[in-house]
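In: Give me coordinates for this.
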Amino acid sequence: MTQTPTGSGIPAAQGYGAPPAPRVPQQPVRPPAAPPPPPPRRRAWSEGADRLRAAATTEPGRLRIIGAVLAVLVVAFGAVTAWQITDRASAASDVVNHSAPLSAKAAEIYRSLADADTTASGGFLIGGQQPKSVTDRYDADLRTASKLIAEAAGNAQGSATTLEQISLLNQQLKGYTEAVANAGVYNRQGYPVGGAYLRYANELMRQDGGLLDTADKLYKAETARLGEDYGSAKALPWLAWSLGAIALGALLWAQRRSYRRTNRVFNQGMLAASAASVVVLLWAVVGHTVAASQLDTSYDHGAKSLQVLNSARIGVLQARGDENLTLVARGSGASYETNFQGGMSTLAGKDPKGVGGEMAQALALADDEAGRGPVNDAIKGVQAWRGRHTAARASDNEGNYADAVAQVIGGKNQQGEVVSATTGQCFDAVDASLRKAVDHEQQEFEQAANDGRGALTGLPAGAALLAVLAAAGAALGIGRRLSEYR
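Out: Alright, predicted model coming up:
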């Protein structure tokens with residue numbers, strides 16, 4: 001029996017001396033290869049650009065591109081013109097209806113408060129029970145100031161500066177009226193402390209941070225808003241004008257191109273589009289130019305004159321108050337006299353018989369006889385006032401207090417004679433003349449500002465309509481050329 005070699009590693013069943021079968025190595029199983037990724041999808045704008053390039057190789061395609069560009073340019077021109085002119089027309093309306101009236105009201109608040117202070121000091125000189133005319137004027141000034149302060153609060157439009165000043169005015173006005181009331185009570189009883197209360201009230205009115213200072217800040221805030229509205233209304237619409245020039249140039253180029261290819265002089269559609277674009281562009285240029293010119297006139301011969309005249313009216317009131325308080329102080333009113341002389345120099349110049357200061361400015365800004373006449377009358381009144389004031393001061397310095405008071409507010413002097421020529425008469429005449437000048441300049445301002453606003457009326461709607469018609473005309477003109485290729 002045959003034996004299988006030991007350690008041969010061959011099973012017994014494979015005996016008989018046969019060689020072992022070779023071992024085939026196991027190959028790893030590989031997954032099937034993934035299909036290649038699809039090419040990235042092109043963006044829509046890229047495909048559109050390819051189509052445009054393909055279309056541009058043919059004349060009909062080029063005409064369609066030209067037509068689309070012309071329509072977009074003309075419509076953009078009309079839309080931007082309507083937007084920018086609407087913005088400037090709105091600013092011009094704000095000048096007429098909001099900022100200018102609010103500036104005038106702020107100036108009137110200041111004037112009413114100053115007049116109330118002047119009236120209180122003048123009534124104090126009378127002594128005893130004040131005449132009803134004096135108390136009525138004082139009460140009317142306070143009512144006017146309170147009413148205008150309330151109106152200013154209602155039209156503050158969220159301005160923090162305006163609201164802050166209005167709040168201060170309401171607080172300070174209460175303290176001032178209480179001080180004046182106490183001065184009147186003690187004055188009627190013959191107590192000298194009444195004069196101290198009146199001087200305290202005057203300090204509340206005129207010191208830094210007082211009523212007049214707060215009213216002045218309110219006036220400056222409203223005047224600054226007026227300047228901003230003027231600037232917005234007169235700003236040049238460069239974007240609209242530039243788009244108009246580009247659109248018109250593109251239309252002319254398209255017509256020239258059509259002429260060179262067809263030898264036809266006119267394309268009715270594009271000619272109509274060009275005409276409409278020219279109308280819009282000229283309307284925008286001329287309308288804005290006229291509006292800006294009228295607004296300049298309203299400022300130079302209206303708003304600017306009003307600012308000078310209002311300042312002069314306030315100066316007159318302050319001078320009158322200083323004149324009265326010099327006498328109320330009874331020998332200790334040197335500071336009030338200094339203020340009076342300084343105020344008069346600002347108002348009419350250093351020369352008592354000359355013309356200077358704010359009066360000279362107002363006279364230079366008046367552009368017609370109706371405006372110069374009241375200013376000249378005011379100048380003459382100030383000159384007479386300064387002369388009479390010098391005489392009153394001489395009487396007071398000589399110890400003739402009763403004569404000085406009579407020369408200032410009227411009444412009888414120490415000799416029992418009625419003084420007919422008083423500084424009070426000059427003050428009333430100057431104030432009346434300046435009020436007349438203010439009314440005239442206010443009318444000129446309103447007329448010129450309304451004319452400026454009117455120059456822009458209808459332009460936004462007209463520009464939009466004409467732009468649509470121009471775009472339609474350009475499309476029809478291009479369509480007429482395209483029909484020749486069908």
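In: Could you use CA atoms for every contact and neighbour count after this?
Out: Fine.
In: Quick check: which helices or strands does the helix or strand harbouring Ala319 pack against?
Out: Taking DSSP states H and E as the criterion, Ala319 maps to helix 304-328. Here helix 304-328 touches helix 100-126, helix 334-348, helix 357-365, helix 401-409, helix 423-454, going by 3 or more Cα pairs under 8 Å, 6 or more residues apart in numbering; DSSP states H and E.
In: got TSV for the ones you listed, with mean neighbour count and mean pLDDT too?
Out: Formatted as TSV, the helices and strands packed on helix 304-328 follow (neighbours: other Cα atoms under 10 Å; pLDDT from 0 to 100):
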stretch	mean neighbour count	mean pLDDT
helix 100-126	24	85
helix 334-348	19	91
helix 357-365	20	92
helix 401-409	23	88
helix 423-454	21	90
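In: Distance to Gln294 added to those, as a markdown table?
Out: Formatted as a markdown table, these follow (distance: least, Cα to Cα, whole Å):
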| stretch | distance to Gln294 |
| --- | --- |
| helix 100-126 | 15 |
| helix 334-348 | 29 |
| helix 357-365 | 16 |
| helix 401-409 | 45 |
| helix 423-454 | 5 |
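In: Just tell me which of the ones you listed ends up closest to Ile65.
Out: For the helices and strands packed on helix 304-328, the distance to Ile65 is smallest for helix 423-454, at 39.9 Å, taking Cα to Cα.
In: what's the following helix or strand after that closest one?
Out: Trace forward from helix 423-454 with DSSP H and E and the next one is helix 459-482.
In: So for the residue lying closest to Lys234 once chain neighbours are set aside, what's the pLDDT?
Out: For Lys234, ignoring the flanking residues on the chain, the nearest one in space by Cα to Cα, 6 or more residues apart in numbering is Ala292 at 5.1 Å. What the model reports as pLDDT for Ala292 is 91.
In: quick one, what contacts Ala292?
Out: Ala233, Lys234, Gly452 (Cα atoms under 8 Å, 6 or more residues apart in numbering).
In: Also Ala233?
Out: Counting by Cα under 8 Å, 6+ apart, Ala233 has contacts Asp87, Arg88, Ala89, Ser90, Ala91, Ala92, Ala292.
In: re the thing from before, tell me the mean pLDDT over the helix holding Ala319?
Out: The pLDDT scores in helix 304-328 average 88.
In: same deal with stretch 130-139?
Out: Per-residue scores along stretch 130-139 average to 84.
In: Just the buried positions in it, please.
Out: Within stretch 130-139, the residues that count as buried by 16 or more other Cα atoms under 10 Å are Gln130, Val134, Thr135, Tyr138.
In: The first one is in contact with Gly123, isn't it?
Out: Yes - contact between Gln130 and Gly123 holds when scored by Cα atoms under 8 Å: they sit 5.9 Å apart.
In: Find residues that contact each of these two.
Out: Listed as contacting both Gln130 and Gly123 by Cα under 8 Å, 6+ apart is no residue at all.
In: And the helices in the stretch 151-300 of the chain?
Out: Applying DSSP state H, counting those that start in this stretch to the stretch 151-300 of the chain gives helices spanning 160-188, 193-206, 211-234, 238-262, 268-298.
In: how much does the first one deviate in direction from helix 193-206?
Out: Read it as helix 160-188. In terms of direction (axes from the mean of the first three to the mean of the last three Cα atoms, to 10 degrees), helix 160-188 departs from helix 193-206 by 170 degrees.
In: by contact count, what packs against helix 160-188?
Out: helix 100-126, helix 132-154, helix 193-206, helix 211-234.
In: wait, which of those is closest to Ala245?
Out: Nearest of the helices and strands packed on helix 160-188 (Cα to Cα): helix 211-234, 20.6 Å.
In: residues touching Arg393, list them.
Out: Contacts of Arg393 (Cα under 8 Å, 6+ apart): Ala404.
In: Now it: which helix or strand?
Out: Short version, using DSSP H and E: Arg393 is in helix 369-397.
In: Nearest residue to Ala179 in space, please, no chain neighbours.
Out: Using Cα to Cα, 6+ apart and skipping residues adjacent in sequence, the residue nearest Ala179 is Ala201, 5.3 Å away.
In: check contacts around the one you found.
Out: Ala201 touches Tyr176, Thr177, Ala179, Val180, counting by Cα under 8 Å, 6+ apart.
In: shaky segments in the stretch 101-250 of the chain?
Out: Across the stretch 101-250 of the chain, the ranges flagged by pLDDT under 70 are 127-129, 158.
In: quick one on the thing from earlier: and the contacts of Ala292 as CSV, adding distance to Gly373?
Out: CSV is the format used below for these (distance: Cα to Cα, whole Å):
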residue, distance to Gly373
Ala233, 32
Lys234, 31
Gly452, 27
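In: Among these, pick out the one closest to Arg260, please.
Out: Lys234 (42.9 Å).
In: can you count the residues close to Ala272?
Out: 19 (other Cα atoms under 10 Å).
In: Could you measure from the closest residue to Glu222 other than its chain neighbours over to Tyr219?
Out: Closest residue in space to Glu222, ignoring its immediate chain neighbours: Ser103 at 4.9 Å, by Cα to Cα, 6+ apart. From Ser103 over to Tyr219 the distance is 6 Å, taken as Cα to Cα, to the nearest Å.
In: Need the pLDDT of Ser46.
Out: 69.
In: no no, Arg388
Out: At Arg388, pLDDT is 92.
In: Surely it is in contact with Gln425?
Out: No - in this structure, Arg388 is not within contact of Gln425 by Cα under 8 Å, at 10.2 Å.
In: Which residues are in contact with each of these two?
Out: Joint contacts of Arg388 and Gln425 (Cα under 8 Å, 6+ apart) do not exist.
In: Can you verify Val355 is assigned to a strand?
Out: No - assigned with DSSP: H, G, I helix; E, B strand; the rest coil, Val355 falls outside any strand and is coil.
In: Now for it: which residues touch it?
Out: Here Val355 is in contact with Ala348, Gly349, Ile379 (criterion: Cα under 8 Å, 6+ apart).
In: Quick check on it: phi, psi?
Out: phi -120, psi 120 (degrees, to the nearest 10).
In: and the residue nearest to Glu222, how far is that from Ala273?
Out: For Ser103, the distance to Ala273 - Cα to Cα - is 46 Å.
In: show me what contacts the nearest residue to Ala475 once chain neighbours are set aside?
Out: Spatial nearest neighbour of Ala475, chain neighbours left out: Gly67 (5.8 Å); criterion: Cα to Cα, 6+ apart. Applying Cα under 8 Å, 6+ apart to Gly67 gives the contacts Ala474, Ala475, Ile478.
In: For the single longest helix found in the chain, which residues meet the burial criterion?
Out: Of all segments of type helix in the chain, defined using DSSP state H, the longest is helix 59-94. Residues 60-64, 66-67, 69-71, 73-94 are the ones in helix 59-94 that count as buried (16+ other Cα under 10 Å).
In: average pLDDT across it?
Out: 88.
In: Run the angle between it and helix 423-454 for me.
Out: Calculated by the same axes, to 10 degrees, helix 59-94 forms an angle of 170 degrees with helix 423-454.
In: What is the distance between stretch 303-321 and the centre of its chain?
Out: 22 Å (Cα atoms, centre = their mean, to the nearest Å).
In: what's in contact with it?
Out: Outside stretch 303-321, the residues that reach it (Cα under 8 Å, 6+ apart) are 100, 107, 110-111, 114-115, 117-119, 121-122, 299, 339-340, 343-344, 346-347, 358-359, 361-362, 365-366, 427, 430-431, 434-435, 437-438, 441-442, 445.
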